[in-house]
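Peer 1: let me see the structure of the following:
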Amino acid sequence: MLGTLLLLFILVPVAEIIVIFKVAGHLGWLETLSILLLVSIFGAWLVRREGINTLVRIQGDLARGVVPTKQIVDGLLILVAGALLLTPGFLTDIAGLLLLFPPTRIAVRSLLIRRYRTRIDAYQRGATPGPRMWTHFVVDDDIVDTQGRERRPDRDLPEIE
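Peer 2: Reported below is the predicted structural model:
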């Protein structure tokens with residue numbers, strides 16, 4: 001994992017510089033910098049709009065007593081898109097804009113949820129009326145108690161009905 005990140009931190013900037021030089025060779029430096037600036041401004045506006053829409057959906061789900069899993073993943077993807085748009089370069093701008101458009105974001109969200117569904121299991125406190133209250137969840141066989149109590153997998157977990 002560390003090797004992959006190190007490779008990305010080296011290859012992405014090199015690729016960005018190559019693309020910027022190629023575009024500047026065809027269009028000119030002023031035009032290239034103008035395009036990068038305009039894409040960043042448009043991206044910031046789009047990040048703000050999509051972020052507010054996602055926040056409204058999260059608040060609506062919470063008001064109905066539903067855990068807003070998909071909206072939280074959307075919020076994370078919008079945050080990543082904003083970081084990509086702040087990074088100067090055409091490749092990161094394209095990746096950021098793709099994450100901001102709902103159809104692409106939904107596809108990436110589905111992939112992420114499918115990929116990590118096997119790693120995260122949530123347990124629900126008994127069948128209580130009203131909103132569901134999560135008392136703990138399991139991440140890679142480690143139990144995280146949301147109320148600050150120590151749990152043991154062999155005896156403390158409630159049965160799932």
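
Peer 1: this protein: strands as residue ranges?
Peer 2: 120-124, 134-139, 142-145 (DSSP state E).

Peer 1: show me the contacts for residue 17.
Peer 2: residue 89 (C-beta atoms under 8 Å, 6 or more residues apart in numbering). (Each C-beta comes from the backbone N, C-alpha and C, glycine too.)

Peer 1: which pLDDT value goes with it?
Peer 2: If you check residue 17, the pLDDT there is 93.

Peer 1: could you measure from it over to residue 73?
Peer 2: Per C-beta to C-beta, to the nearest Å, residue 17 is found 32 Å from residue 73.

Peer 1: equivalent analysis for residue 59, please.
Peer 2: Counting by C-beta to C-beta - residue 59 and residue 73 are separated by 16 Å.

Peer 1: show the average pLDDT along stretch 30-49.
Peer 2: 93.

Peer 1: likewise for stretch 53-71?
Peer 2: The average pLDDT within stretch 53-71 is 89.
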